[in-house]
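**Q** coords please:
(one chain, ligands or ions: 1)
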Amino acid sequence: MITIDIFLALAIFLSVALGIVFFAWIFYNYFNEKTKTGVMGSVHQCPYCTHVFVNYKEQGACVCPQCRSYIT
Ligand SMILES: [Zn+2]
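**A** Okay, here's the model as predicted:
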């Protein structure tokens, strides 16, 4: 019969939990199509209020989300 003390039980529990998190991370990074073909935005800085934001629409002028001014 195998005797398990509290430290061995804790080590096994943490190893299993860490393994589940690791394989979930691998699964969502390599098998998720949304992350591979996601829409890439461009980073802009507003010249009026210096707010930095990401613009996901590439056409036309973008609007600063903080001061609502148009940036060309
Ligand atoms: Zn602004």
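**Q** now residue 13: how far from residue 1?
**A** Between residue 13 and residue 1 the distance is 20 Å, computed by CB to CB, to the nearest Å. (C-beta placed from N, C-alpha, C; glycine too.)
**Q** higher neighbour count, these two?
**A** Between residue 13 and residue 1, residue 13 has the larger neighbour count (other CB atoms under 10 Å), namely 10 against 3.
**Q** count the residues that sit near residue 18.
**A** 10.
**Q** can you list the domains in this structure?
**A** As recorded under automatic domain parsing, the domains making up the chain are 1-38, 39-72.
**Q** okay, those in JSON lines with mean pLDDT next?
**A** Listed next are the domains of the chain as JSON lines, based on pLDDT from 0 to 100:
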{"stretch": "domain 1-38", "mean pLDDT": "87"}
{"stretch": "domain 39-72", "mean pLDDT": "88"}
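**Q** please identify the deepest-packed of the ones you listed.
**A** For the domains of the chain, average neighbour numbers computed from mean count of other CB atoms under 10 Å are highest in domain 39-72, which has a mean of 12.
**Q** distance from it to the middle of the chain?
**A** Remark: domain 39-72 is offset 21 Å from the chain centroid, using CA atoms, centre = their mean, to the nearest Å.
**Q** can you tell if it touches the ion?
**A** Yes: interface with the ion: domain 39-72 contributes 46, 48-49, 51, 64, 66-67 (CB under 5 Å from the ion).
**Q** residue 45 and residue 67: what is the separation?
**A** 12 Å.
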